[in-house]
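Asker: Prediction below, plus the sequence it came from.
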Amino acid sequence: MRKYAIAVLACTVMALLTGGVGVASAKPARYMIGPGDVLEISVWKDDSLSRNVIVPPDGVVSFPLIGDIDVSNMTVTVLRETVRKRLSEYVPDATVTVLLTQINSLKAYVIGKVNRPGQFSIGLDTTVMQVLSMAGGLDPYANEGKISILRQSNGQTVQLPFDYKDVVKGEELKQNIHVEAGDVIVVP
């Protein structure tokens, strides 16, 4: 039990310390609107042009006067400018506000030999060690050297290796990458 407690403590400490170590040069990308996110889109002084919108799985939202907008791969800033431009023929000089009121698309998953497998909310700069810490650390039977991250990239599943033993020792810290939405960490 003591060995397990030490391992969980080490995982937690390393997660905190390596959040920037080994990945500090990789600045997280800007947040892209995703399915399940809740947006508040409004036009100043025009309540009829204010909506709370839940982004559906296909990423297409509707807005009065301008119709459908595919918000996939858009930031809030880009969406605000898109709405403003498309509204300009109906409402000249419209002041558009887009607020991201709820983030529901940033999730990662941990399966296998961890203490609490499941789905976890992540940020843009959450690392593998941090997600493993959220999952309660590895169980005593986990194969620490054979962990992998499954990531969807261009319609293909990519497998990224992760050696927990090395990272805990402070070696090969470049493995402690930022987790992306939809990543699955597999702990055999």
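Answerer: Okay, I see it.
Asker: Going by C-alpha atoms from here, please, whenever you check contacts or count neighbours.
Answerer: Noted.
Asker: Find the residue at the geometric middle of the chain.
Answerer: residue 106 (3.3 Å; CA atoms, centre = their mean).
Asker: thought it was touching residue 126?
Answerer: No - contact criterion CA atoms under 8 Å: residue 106 and residue 126 do not qualify, at 10.3 Å.
Asker: Could you pull up the contacting residues of the residue nearest to the centre of the chain?
Answerer: 34, 121, 122, 123, 180, 181, 182 (CA atoms under 8 Å, 6 or more residues apart in numbering).
Asker: Setting aside sequence neighbours, what's the nearest residue to the second one?
Answerer: Excluding its sequence neighbours, the residue lying closest to residue 121 (CA to CA, 6 or more residues apart in numbering) is residue 107, at 4.6 Å.
Asker: The helix or strand where residue 68 lies - contacts with which helices or strands?
Answerer: In this structure, residue 68 is located in strand 67-70 according to DSSP states H and E. On a contact count with 3 or more CA pairs under 8 Å, 6 or more residues apart in numbering; DSSP states H and E, strand 67-70 meets strand 60-63.
Asker: Just give the strands next to the strand it packs on in its sheet, each with its orientation.
Answerer: strand 67-70 (antiparallel) (DSSP bridges).
Asker: which is the next helix or strand following the partner strand?
Answerer: Past strand 67-70, the next helix or strand by DSSP H and E is helix 76-87.
Asker: buried residues in stretch 68-82?
Answerer: Neighbour-count burial for stretch 68-82, with 16 or more other CA atoms under 10 Å as criterion, is recorded at 71, 72, 74, 76, 79, 80, 82.
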